[in-house]
Each structure stands twice: as C-alpha cells, then as structure tokens.
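Engineer: I would like the atomic coordinates for the input below:
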Amino acid sequence: MMKSYLPTLILGSGLLTVSGCSSVMTHTGGQEGYYPGTRASYEMLADSDTSWGYKPFVALDMPFTAVMDTVLLPWDMFRTDKSLKSRVEASESKNLATNSVIPPVQ
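Structural biologist: Okay, here's the model as predicted:
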C-alpha cells in the first residue's frame with residue numbers, strides 16, 4: 001500500500017521544491033515591492049540577453065512564482081528591508097542629494 005503512494009509523494013515533493021524559484025530568490029535577495037519574483041521572471045522573458053535555453057524554464061516556473069508571490073504577499077506588506085544592499089542604496093541616494101546641492105571641489 002505504501003509502495004503506490006511513494007512515487008506520487010516523491011513527484012509532489014519535487015514539484016514543490018522547484019516551484020516558485022524566482023519568488024524565493026527575490027525574497028531572499030532583498031528586493032522590495034509586491035510580486036518581485038513575477039516581475040523578475042517577466043523581465044528575464046522580455047530581455048533579449050537571456051539565453052534561449054533558459055527562457056522555457058522561466059516560462060514554466062512563472063505561474064508557480066506568481067502563486068508563491070501571492071502566498072508571500074502578507075510578508076511583503078509588513079516587512080522592512082534592512083539588507084546591506086538597501087542601506088547602501090539609501091546612503092548613496094542621500095549622498096547624491098547632498099552632492100547635487102554642493103558642487104564637488106575641482
């Protein structure tokens with residue numbers, strides 16, 4: 001009896017493991033906003049520099065990424081990004097605003 005459920009369990013676990021890859025990568029990478037994985041997948045599909053061999057995998061993963069982004073939507077609504085990347089970007093934008101008012105020394 002357990003033998004008949006084992007292939008189904010392995011296949012289901014495998015699909016859950018590989019689904020929503022772009023969503024997981026963007027959420028662990030510190031990108032902000034709603035549906036960051038779906039946006040990243042769309043940008044990869046629209047980009048002409050993306051390899052033709054990679055685009056089918058992105059297209060196959062895109063619906064799963066949208067579902068995972070929907071599941072993680074409450075997380076996106078309440079999180080504040082404290083990653084190193086966001087702190088550096090905030091610092092650079094602050095310095096850029098200061099440097100635009102005060103011209104650099106020549």
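
Engineer: Could you say which helix or strand holds the residue positioned nearest the centre of the chain?
Structural biologist: If you average the C-alpha coordinates of the chain and look for the closest C-alpha using CA atoms, centre = their mean, you land on Thr26, 2.2 Å from that point. When secondary structure is defined by DSSP states H and E, Thr26 falls within helix 21-29.

Engineer: Same check on Ala90?
Structural biologist: With the criterion set as DSSP H and E, the secondary-structure element containing Ala90 is helix 84-101.

Engineer: same check, this time on Gly53
Structural biologist: Taking DSSP H and E as the criterion, no element holds Gly53; it sits outside all helices and strands.

Engineer: how deep is it tucked in, by neighbour count?
Structural biologist: By the measure other CB atoms under 10 Å, the count of residues near Gly53 is 7. The C-beta positions use only the backbone N, C-alpha and C, and glycine is treated the same way.

Engineer: repeat for Met68
Structural biologist: Residues contacting Met68 under the criterion other CB under 10 Å number 22.
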